[in-house]
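A.B. asks: Compute the structure for the input listed below.
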Amino acid sequence: MAILTLLSYLRVYLEISLLLGVSFGVFRTLEIVNGKSRPYFSQTWLLKVAYILFFSSILFPIAASHIPSRVLLRPSAQVWSGINRKASDPYALITSVKPEQSSKETSILSGVVLKEKTLIGFLIILITGFLFVGGKFLANLLILRRVLRAQFKIKKIGSVFVLGSEGIAVPFSAWLPGKTVVAIPIELLSDLRNLRIALKHEIQHHRQWDTRLVHALEACKALFFWNPAVYLWTRLFTQLQELACDETLITTHRIAPQMYGRCLVQAAEWAQVPRTKIVGMMCMAAGHSDSELKKRIELIFTYNFHLPRRRLSTVIALGVFILIGSVAFASRSVIQDRKITKSEAQALVDGMSGLKIPITVNDSVLEKLNQFVGTPEGRKYVTEGLSRMPVYQPMIERKIKEYGVPREVLAVGLFESGFDKGAVSPTPYRATGIWQFVKNTARRYDLIVNDHTDERLDPEKETTAAMRYLSDLNGQFHDWRLAIKAYNEGERHVEGLIRKYKTRDPWKLEQADSKEGYLSGALAMMIILKNPKIVD
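C.D. replies: Numbers count the residues shown, from 1 in each chain. Take a look at the predicted model:
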């Protein structure tokens, strides 16, 4: 079941990736509505909304994956994470689903099949990329630590250490566990006016938690290294963090826009000095183009006169939060895992009344159930069998009543052949018909099988033989589950297992020695027969 767990994690990972792109589009739309020359909302408010959208895109899918509820919408894509019925290799299939298609068309949809080796290869690529980008991030943190250690302490402002150095060209702020710093070029100490503005700007980055959150953003870049949306978000945060700092210093600290603008230009000139950009550093003009610097200078002259409408801003922020949350939970319907959990299977069995054959939901039955429900090949087999069943069902139910056999054995026919009267198993057994009789057993129950006639192909005659055989097996073992096991494996084989393992518990025998988990498969089909909607 480990492969199914990996697929569940992969599904959440893909939902997060999808939602990061959606949330970025939502925020860009909000920016367009906000306007450019005289924005309606404050940059500080926009930064907070951006953080809410970004981290909600990550947290909501994780939360949604832990809520055991049905999907909100019909899925447009499904992750098939069961086990192949024809082979032992687990695999997944992601395929599109169109509501207008018939069940038969839906069951044979083509898609990209991820077999176990392919899935593992895909995961290796993801992990390799994560380790490579994450390794660079950790290496940069070590470089940042060495750079900070090389500075000398000037003073301490609250919890912030102000450091000085001859080796840096631009003031910057940075945070590492246990160390909150602002580094100042030694040359700036003689320029008190710009020094005061630069210090306030970099300390504001700490107040906004920008210096801490930058590490979280870099970790996300490592985890989703292939997703362009993460890089777009990172660039957006870099811009918004600087704009929010500008706005706060102009409106709260009452720094004159003209003085602040000159300091920004000076910072841009300092930034022309070549130096290595280290992850975790925040500075006034880092990475900004001429157009972005122009935008910042133009905006600082609007902050004095254009404060945010707080009440409306709160309402819009709440609306955006609800929107992205709804998209996150609805994304479970966009990418739906077809796997049934043990608790869901037990709930299905609990809702089945009048059972004469007890159904135990154990790991083996659950695995077989997911072979039929959670794989395209299995689902095709079941849906086609259910579509053929009405042709034979009245006759079979009549025979069931005649021979006093539990109605649940109808599922044995579905399991054996999918009610395909022409079904023939591979050699050497060459079992034939809807009940898959081999020649010797067919002849024991009065069916003619020779070179000219094969009465196994007559559904009614073979059904009569099957009901007699199952009834005799139950009379021999006094347990319908053992009778079903012997129907496939032979009564002599089952008797031998009972003597060898000294138990008549069908599940202990199934665990000790089973041919293809036949009993588990037959009982899983009984669950499906009582709950056919699970293959819709």
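
A.B. asks: in this structure, which spans are strands?
C.D. replies: According to DSSP state E, the chain carries its strands in the segments 77-80, 91-96, 112-115, 152-157, 160-165, 172-176, 179-185, 335-337.

A.B. asks: hey, least reliable of those by pLDDT?
C.D. replies: Least confident of the strands of the chain, judged by mean pLDDT, is strand 91-96 with a mean of 38.

A.B. asks: Pull the number of nearby residues for Ser291.
C.D. replies: Counted with other C-beta atoms under 10 Å, the neighbours of Ser291 add up to 8. Using the backbone N, CA and C atoms, a C-beta is placed for each residue, glycine as well.

A.B. asks: got it, and Arg456?
C.D. replies: 26.

A.B. asks: Would you check that it makes contact with Ala466?
C.D. replies: No. Between Arg456 and Ala466 there is no contact under C-beta atoms under 8 Å: 10.1 Å.

A.B. asks: Can you check which residues contact both of these two?
C.D. replies: 435, 437 (C-beta atoms under 8 Å, 6 or more residues apart in numbering).

A.B. asks: can you map out the helices along the stretch 351-500 of the chain?
C.D. replies: 363-373, 376-403, 410-417, 439-444, 459-477, 480-489, 491-501 (DSSP state H, counting those that start in this stretch).

A.B. asks: how about the ones you listed in a markdown table, adding mean neighbour count and mean pLDDT?
C.D. replies: As requested, these are arranged in a markdown table below (neighbours: other C-beta atoms under 10 Å; pLDDT from 0 to 100):
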| stretch | mean neighbour count | mean pLDDT |
| --- | --- | --- |
| helix 363-373 | 22 | 90 |
| helix 376-403 | 17 | 92 |
| helix 410-417 | 24 | 94 |
| helix 439-444 | 16 | 93 |
| helix 459-477 | 19 | 95 |
| helix 480-489 | 23 | 94 |
| helix 491-501 | 15 | 93 |
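
A.B. asks: and of those, who's closest to Trp233?
C.D. replies: Proximity to Trp233 (C-beta to C-beta) singles out helix 376-403 among the helices of the stretch 351-500 of the chain, at 35.3 Å.

A.B. asks: Now do that closest one: which elements does it pack against?
C.D. replies: helix 103-107, helix 363-373, helix 410-417, helix 459-477 (3 or more C-beta pairs under 8 Å, 6 or more residues apart in numbering; DSSP states H and E).

A.B. asks: and with 6 Å instead?
C.D. replies: For helix 376-403, the contact count by 3 or more C-beta pairs under 6 Å, 6 or more residues apart in numbering; DSSP states H and E identifies helix 103-107, helix 363-373, helix 459-477 as packing neighbours.

A.B. asks: Can I get the last one in PDB? Just the C-alpha atoms.
C.D. replies: Just to be clear, that refers to helix 459-477. The C-alpha trace of helix 459-477 is given here as PDB (Å, rounded to 0.1, in the frame of the first residue of the first chain):
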ATOM      1  CA  PRO A 459     -25.900 -19.700 -19.700                       C
ATOM      2  CA  GLU A 460     -28.900 -21.400 -18.300                       C
ATOM      3  CA  LYS A 461     -27.500 -24.900 -18.200                       C
ATOM      4  CA  GLU A 462     -24.100 -23.700 -16.800                       C
ATOM      5  CA  THR A 463     -26.000 -21.600 -14.200                       C
ATOM      6  CA  THR A 464     -27.800 -24.800 -13.000                       C
ATOM      7  CA  ALA A 465     -24.500 -26.600 -12.700                       C
ATOM      8  CA  ALA A 466     -23.000 -23.700 -10.800                       C
ATOM      9  CA  MET A 467     -25.800 -23.500  -8.300                       C
ATOM     10  CA  ARG A 468     -25.600 -27.300  -7.700                       C
ATOM     11  CA  TYR A 469     -21.800 -27.100  -7.300                       C
ATOM     12  CA  LEU A 470     -21.900 -24.200  -4.900                       C
ATOM     13  CA  SER A 471     -24.700 -25.900  -2.900                       C
ATOM     14  CA  ASP A 472     -22.700 -29.100  -2.700                       C
ATOM     15  CA  LEU A 473     -19.600 -27.200  -1.600                       C
ATOM     16  CA  ASN A 474     -21.500 -25.400   1.200                       C
ATOM     17  CA  GLY A 475     -22.900 -28.800   2.300                       C
ATOM     18  CA  GLN A 476     -19.300 -30.100   2.500                       C
ATOM     19  CA  PHE A 477     -17.700 -27.100   4.300                       C
END
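
A.B. asks: can you give me how far it is from the chain middle?
C.D. replies: 46 Å (C-alpha atoms, centre = their mean, to the nearest Å).

A.B. asks: ok, back up a step: dump the helices of the stretch 351-500 of the chain to a markdown table, plus distance to Cys283.
C.D. replies: Listed next are the helices of the stretch 351-500 of the chain as a markdown table, based on distance: least, C-beta to C-beta, whole Å:
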| stretch | distance to Cys283 |
| --- | --- |
| helix 363-373 | 54 |
| helix 376-403 | 54 |
| helix 410-417 | 69 |
| helix 439-444 | 83 |
| helix 459-477 | 80 |
| helix 480-489 | 73 |
| helix 491-501 | 74 |
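
A.B. asks: Out of these, the one nearest Gly433 is which?
C.D. replies: Between Gly433 and the helices of the stretch 351-500 of the chain, the shortest separation by C-beta to C-beta is 4.5 Å, and it involves helix 459-477.

A.B. asks: Show residues contacting the closest one.
C.D. replies: By C-beta atoms under 6 Å, 6 or more residues apart in numbering, the list of residues contacting helix 459-477 from outside reads 392, 395-396, 399, 403, 405, 409, 421, 433-435, 445, 447, 455-456, 480, 483, 486.

A.B. asks: the inter-axis angle of that helix versus helix 376-403?
C.D. replies: Relative orientation of helix 459-477 versus helix 376-403 (axes from the mean of the first three to the mean of the last three C-alpha atoms, to 10 degrees): 80 degrees.

A.B. asks: State the distance from the residue of the chain most remote from its centre to Phe437.
C.D. replies: Centroid-distance maximum for the chain: His452 at 56.3 Å, with C-alpha atoms, centre = their mean. His452 sits 18 Å away from Phe437, going by C-beta to C-beta, to the nearest Å.

A.B. asks: repeat for Ile498
C.D. replies: 24 Å.

A.B. asks: Arg254 too?
C.D. replies: According to C-beta to C-beta, Arg254 stands 94 Å off from Phe437.

A.B. asks: Of those two, which one has the most company?
C.D. replies: For Arg254 versus Phe437, the count of surrounding residues by other C-beta under 10 Å is larger for Phe437: 25 against 8.

A.B. asks: In contact with the nearest residue to that one once chain neighbours are set aside, which residues?
C.D. replies: Closest residue to Phe437 apart from its sequence neighbours, by C-beta to C-beta, 6 or more residues apart in numbering: Arg456 at 5.1 Å. Arg456 is in contact with 432-433, 437, 442, 447, 462, counting by C-beta under 6 Å, 6+ apart.

A.B. asks: cool, Met282 as well?
C.D. replies: So Met282 contacts 173, 205, 210-211 (C-beta under 6 Å, 6+ apart).

A.B. asks: Swap in 10 Å and give it another go.
C.D. replies: For Met282, the contact set (C-beta atoms under 10 Å, 6 or more residues apart in numbering) comprises 171-175, 182, 201-202, 204-206, 208, 210-211, 214, 238, 241-242, 245.

A.B. asks: the bottom helix or strand of the protein by mean pLDDT?
C.D. replies: Lowest mean confidence among the helices and strands of the chain (mean pLDDT, DSSP states H and E): helix 103-107, at a mean of 34.

A.B. asks: How far off centre is stretch 378-393?
C.D. replies: For stretch 378-393, the distance to the chain centre is 31 Å (C-alpha atoms, centre = their mean).

A.B. asks: where does the stretch 151-300 of the chain have low pLDDT?
C.D. replies: For the stretch 151-300 of the chain, the stretches flagged by pLDDT under 70 are 271-277, 279, 285-289.

A.B. asks: which one is Val454 nearest to, not counting chain neighbours?
C.D. replies: Not Val; residue 454 is Asp. Distances taken as C-beta to C-beta, 6+ apart put Thr432 closest to Asp454, at 6.6 Å, once the chain neighbours are dropped.

A.B. asks: Correct me if wrong: the one you found contacts Ser417.
C.D. replies: Yes. Applying C-beta atoms under 10 Å as the test, Thr432 and Ser417 come out as touching, 9.0 Å apart.
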